[in-house]
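Asks: Need coordinates for the following:
(chains A and B)
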Amino acid sequence: MTETLDDIFRREAGRCIATLIRVLGDIDLAEDVVAEAFAIAAETWPQTGIPPDPGGWITTTARNRAIDRLRRESTGAVRHLDAHRLHIDDTEPDNDPESHDLNEFVDVVADDQLRLMFLCAHPALAADAQVALILRLLGGLETGEIATTFVVPEATLAQRIVRAKRKLHDNHASYRVPKTAELPDRLQAVLAAIYLIYTEGHTATSGWKLTRVDLSNEAIRLGRTLVTLMPDEPEAMGLLALMLLSESRRRSRVGNDGTLVRLADQDRAQWDRTLIDEGHDLVRACLRRNQPGPFQIQSAIAAVHADAPIAEATDWTQILALYDELYLLRPSPVVALNRSAAIAELHGPVAGLTALAEIDQVSLESYQPYHATRADLLARTGHRDVAIDAYGRAIELTTNAVERAFLVRQRAVLSTDQ
Amino acid sequence: MPQYMISVWHDETYEVDFSTPDAQRRVALVGEFNEELQGAGAWVFAAGLHPSSSATVVRSSGGDVSMTDGPYAETKEQMGGFWMIEAADLETALEWAGKAAAASEGPVEVRPAQG
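Replies: Numbers count the residues shown, from 1 in each chain, chains lettered A, B, ... in the order given. I've put the predicted structure just below:
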């Protein structure tokens, strides 16, 4: 066997569930019967071998299980069958799911996945619920795995998922790709949720390891799926490019001793050229579309960094221009903060501090990168004591142990200087 | 078809003086929205409410009925009115809610009715 059942499960689970939700009109039932179908596969495939279209096999088997189950239940279930026209397939022999029209499924599977993405990232759900639903339904992760990843008790996460599914059900949320008029807002929610999964994988909110490879990979997989499903959406390409370009630096972000290495200090020979090339191609494809959006601009910034063979060769003029453009689209304090850092690189730390002082301080008071950036700029302009205080505030706000260790070291260097 | 309540919320300090030009303007905005709902067949019922200081809370316990001066929830934000609408799905209801928020110039809450 070249592929394990686990590999197949991770690859196919989301697609199978997406289709079954449409066929059955019920998320929980779809999850149950897909799990049953995988259990049957685990028993039979070692003898029969893996079928040529494992996803189609699972989908058909799961659907047949659902028909069986609904038939056994009340007359209400019979109406349910009628409503979803499942009886059309009555003649199909249950013991030979493969023989049935798989093509019919395959054709609509792509749309099903898209429907499920929009359902999971419904703007009526809180961001943490969107992320949990995406990982559960599209990523095929167990509730326990998701809970561990986000460092919340499993019961809390399970309840979050149950509530989200219930809200969608009680509110009669539709299972369709949004209409053109709704699309910009709805797509923005999908992109933001996938990026949230990526950034959680990039810098885990808490814990001892800086990066969580699995979540980042899952986010990139979802990003690739989205680009395939919506090839005309440049922001989807921008998001994928941004994730690939950030990912290309993964190995060099953490030193051999497990400590954080800043972008300027990273060994650029370790950057993953394959990912960079793919990211660059996407950025160029976005530029040709000429419909700039926040993810495309951020990916362009990441591409400029990737272009510099050494940190000193970074084209900060270009980066600052991109941050200016981003700020026009998204005038948020966080974008203003990153823009100030670019100003500091281009025009010196004093100019950076001036730009920083113009940002609304209240909104950034509990934002760790604000204090870390400010501390660095203060240190570079010789304001040692204030810099030490700023590092202190940044350290208080850091929940990731590797990041905290880095900041503590920066502060210690300042304290022992002179 | 599913029904949804779209309720209007505001700080409980509003004056109900319909003679001012601003109040007249707002009444007209809501009137236009009502007509749009009715024209689309989405209208079920709607009402603007008097301030929550006009409310009375009634309780029944073991056959005894008691009353206290309301409102029930002593919060700063109170419901000022609502629409009951019919919509095919949540997305359609949210689209109406967006228009309701614009017409009432404040936040609205969307909640599905049971059944």
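
Asks: tally of neighbours for residue A:143?
Replies: Residue A:143 has 18 neighbouring residues, counting by other Cβ atoms under 10 Å in any protein chain shown. For glycine as for every other residue, the C-beta is placed from the backbone atoms N, C-alpha and C.

Asks: tell me the contacts of it?
Replies: A:136, A:154, A:157, A:158, A:161 (Cβ atoms under 8 Å, 6 or more residues apart in numbering or on different chains).

Asks: Between those residues, identify the one with the most neighbours.
Replies: residue A:136 leads the contacts of residue A:143 on contacts (other Cβ under 10 Å) with 26 neighbours.

Asks: With adjacent residues omitted, what lies nearest to that one?
Replies: residue A:161 (5.7 Å; Cβ to Cβ, 6 or more residues apart in numbering or on different chains).

Asks: Show me the residue sitting in the middle of the chain in space.
Replies: All of this is about chain A. Residue closest to the average C-alpha location in chain A (Cα atoms, centre = their mean): residue A:194, at 2.7 Å.

Asks: To clarify, I was referring to chain B.
Replies: residue B:82 (1.9 Å).

Asks: where's the residue nearest to residue A:136, which helix or strand?
Replies: Using DSSP states H and E, residue A:161 sits within helix A:154-170.

Asks: If you count contacts, what does the helix or strand following that helix end up packed against?
Replies: Remark: after helix A:154-170, the chain's next helix or strand is helix A:183-202, criterion DSSP H and E. Other elements packing on helix A:183-202 under the criterion 3 or more Cβ pairs under 8 Å, 6 or more residues apart in numbering or on different chains; DSSP states H and E are helix A:102-120, helix A:127-133, helix A:213-229, helix A:234-247.

Asks: What residues of the third one count as buried?
Replies: When neighbours are counted by 16 or more other Cβ atoms under 10 Å in any protein chain shown, the buried residues of helix A:213-229 are found to be A:215, A:216, A:218, A:219, A:220, A:221, A:222, A:223, A:225, A:226, A:227.

Asks: Could I have the CA atoms of the helix holding residue A:161 written out in PDB?
Replies: Output of helix A:154-170 as PDB, limited to C-alpha atoms (Å, rounded to 0.1, in the frame of the first residue of the first chain):
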ATOM      1  CA  GLU A 154     -11.800  19.300  24.600                       C
ATOM      2  CA  ALA A 155     -15.200  19.800  26.200                       C
ATOM      3  CA  THR A 156     -15.000  23.600  25.500                       C
ATOM      4  CA  LEU A 157     -14.100  23.000  21.900                       C
ATOM      5  CA  ALA A 158     -16.700  20.300  21.400                       C
ATOM      6  CA  GLN A 159     -19.300  22.700  22.800                       C
ATOM      7  CA  ARG A 160     -18.100  25.500  20.500                       C
ATOM      8  CA  ILE A 161     -18.600  23.200  17.500                       C
ATOM      9  CA  VAL A 162     -22.000  21.900  18.600                       C
ATOM     10  CA  ARG A 163     -23.200  25.500  19.200                       C
ATOM     11  CA  ALA A 164     -22.000  26.700  15.800                       C
ATOM     12  CA  LYS A 165     -23.700  23.800  14.000                       C
ATOM     13  CA  ARG A 166     -26.800  24.400  16.000                       C
ATOM     14  CA  LYS A 167     -26.800  28.100  15.100                       C
ATOM     15  CA  LEU A 168     -26.400  27.400  11.400                       C
ATOM     16  CA  HIS A 169     -29.200  24.800  11.700                       C
ATOM     17  CA  ASP A 170     -31.700  26.900  13.700                       C
END
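
Asks: contacts for it?
Replies: By Cβ under 8 Å, 6+ apart, helix A:154-170 touches A:27-28, A:119, A:122, A:124-125, A:128-130, A:132-133, A:136, A:143-144, A:146-147, A:150, A:173, B:90, B:112.

Asks: Just give me how far it sits from the chain centre.
Replies: 20 Å (Cα atoms, centre = their mean, to the nearest Å).

Asks: List the buried residues in it.
Replies: In helix A:154-170, counting by 16+ other Cβ under 10 Å, buried: A:157, A:158, A:160, A:161, A:164, A:165, A:167, A:168.

Asks: For residue A:358, state which of those residues is nearest.
Replies: Closest to residue A:358 out of those is residue A:160 (38.5 Å), distances taken as Cβ to Cβ.

Asks: Nearest spatial neighbour of the residue nearest to the centre of chain B, chain-adjacent residues omitted?
Replies: Using Cβ to Cβ, 6+ apart, the closest residue to residue B:82 is residue B:7 (4.2 Å).

Asks: secondary structure class for that neighbour?
Replies: strand (DSSP: H, G, I helix; E, B strand; the rest coil).

Asks: any idea how far it is from chain A?
Replies: To chain A, residue B:7 is 15 Å away according to Cβ to the nearest Cβ, to the nearest Å.

Asks: Could you pull up the residues touching that residue?
Replies: Here residue B:7 is in contact with B:79, B:81, B:82, B:108, B:109, B:111 (Cβ under 8 Å, 6+ apart).

Asks: Show the buried residues in those residues.
Replies: Using 16+ other Cβ under 10 Å as the burial test, the contacts of residue B:7 include B:79, B:81, B:82, B:108 as buried.

Asks: Assess the claim that the last one and residue B:101 are in contact.
Replies: Yes. Residue B:108 is within contact range of residue B:101, at 4.8 Å (criterion: Cβ atoms under 8 Å).

Asks: after the helix ranked longest in chain B comes which helix or strand?
Replies: Longest helix in chain B, counting residues (DSSP state H): helix B:21-39. As assigned by DSSP H and E, the chain's next helix or strand after helix B:21-39 is strand B:43-48.

Asks: For that next one, give me every contacting residue.
Replies: Outside strand B:43-48, the residues touching it (Cβ under 8 Å, 6+ apart) are B:3, B:30, B:34, B:37, B:80, B:81, B:82, B:83, B:84, B:85, B:86.
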